[in-house]
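Trainee: I'll drop the sequence and a predicted model, then ask my questions.
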Amino acid sequence: GTSSPETLLGLTKANTDTSITLGTDADNHLLIQNSDAASTNTGRFAGIGFVINGSSGGAARSGIYSTYEGDGDSDLHFWTAEASTKALAMTIDQAGNVGIGTASPDGTLHLVGGEGVDAQIDMWADDGDDNADKWRMFASTTGAFHLRSYSTGSYVSHLALDSNSRISLSNNDSGSGNTI
């Protein structure tokens, strides 16, 4: 598309249209296609791989791929690697559900920790120095749900709901409180 690209691969398309028609090839700047139309096997895919330091045994790798899940249905998957072990990081399924740590999200947002690892969401209101704006929600490997805030160098528990439906509330920095 250009005679003087600024990168190794430059794709340029002049288009004054400001609307995108989802699923229309004419709106794509790049199309990666698995053209095997004869097979009806689910799980067929097309994808993009990323490699850094590819000539060494310790190459850093990640990728994005789309899988065929039936006529007109596809899932989008993101994978990463740690210490050369590849793992699915995130999936967006055909219904728009997002799964982090799972290939089969059961809801709008589905988080799964690794084996023996808590699934958690960390939230910060800003990047200020007081650290009083950090919150953590997590489901522990014991089956409990926790809500904690960050204070004086560590997380303080405010609420815990265990697998026996007992609720623990804390009202001070020592973490002591009442169990209902």
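Mentor: Received the coordinates, thanks. Residues are numbered from 1 along each chain as shown.

Trainee: For stretch 170-180, the averaged confidence score.
Mentor: Mean pLDDT, stretch 170-180: 60.

Trainee: Equivalent analysis for stretch 41-51, please.
Mentor: pLDDT averaged over stretch 41-51 gives 82.

Trainee: quick one: contacts of it?
Mentor: The contact list for stretch 41-51 (Cβ atoms under 8 Å, 6 or more residues apart in numbering) reads 32-34, 36, 59-70. For every residue, glycine as well, the C-beta is placed using N, CA and C.

Trainee: And the pLDDT for residue 23?
Mentor: pLDDT, residue 23: 64.

Trainee: Just the buried ones from the contacts of stretch 41-51?
Mentor: Using 16 or more other Cβ atoms under 10 Å as the burial test, these include 63-68 as buried.

Trainee: helices or strands up against the helix or strand in which residue 156 is found?
Mentor: In this structure, residue 156 is located in strand 154-161 according to DSSP states H and E. Helices and strands touching strand 154-161, by 3 or more Cβ pairs under 8 Å, 6 or more residues apart in numbering; DSSP states H and E, are strand 145-151, strand 167-170.

Trainee: Residue 103 reaches residue 88, doesn't it?
Mentor: Yes: the criterion here is Cβ atoms under 8 Å, and residue 103 meets it with residue 88 at 5.6 Å.

Trainee: just to revisit the earlier point, which single one of the buried ones among the contacts of stretch 41-51 is nearest to residue 149?
Mentor: residue 64 (35.1 Å; Cβ to Cβ).

Trainee: re earlier: what touches both of residue 103 and residue 88?
Mentor: In contact with both residue 103 and residue 88: residue 77, using Cβ under 8 Å, 6+ apart.

Trainee: Include mean neighbour count and distance to residue 93 when you put the helices and strands packed on strand 154-161 into JSON lines, please.
Mentor: Output for the helices and strands packed on strand 154-161, formatted as JSON lines (neighbours: other Cβ atoms under 10 Å; distance: least, Cβ to Cβ, whole Å):
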{"stretch": "strand 145-151", "mean neighbour count": "17", "distance to residue 93": "24"}
{"stretch": "strand 167-170", "mean neighbour count": "16", "distance to residue 93": "33"}
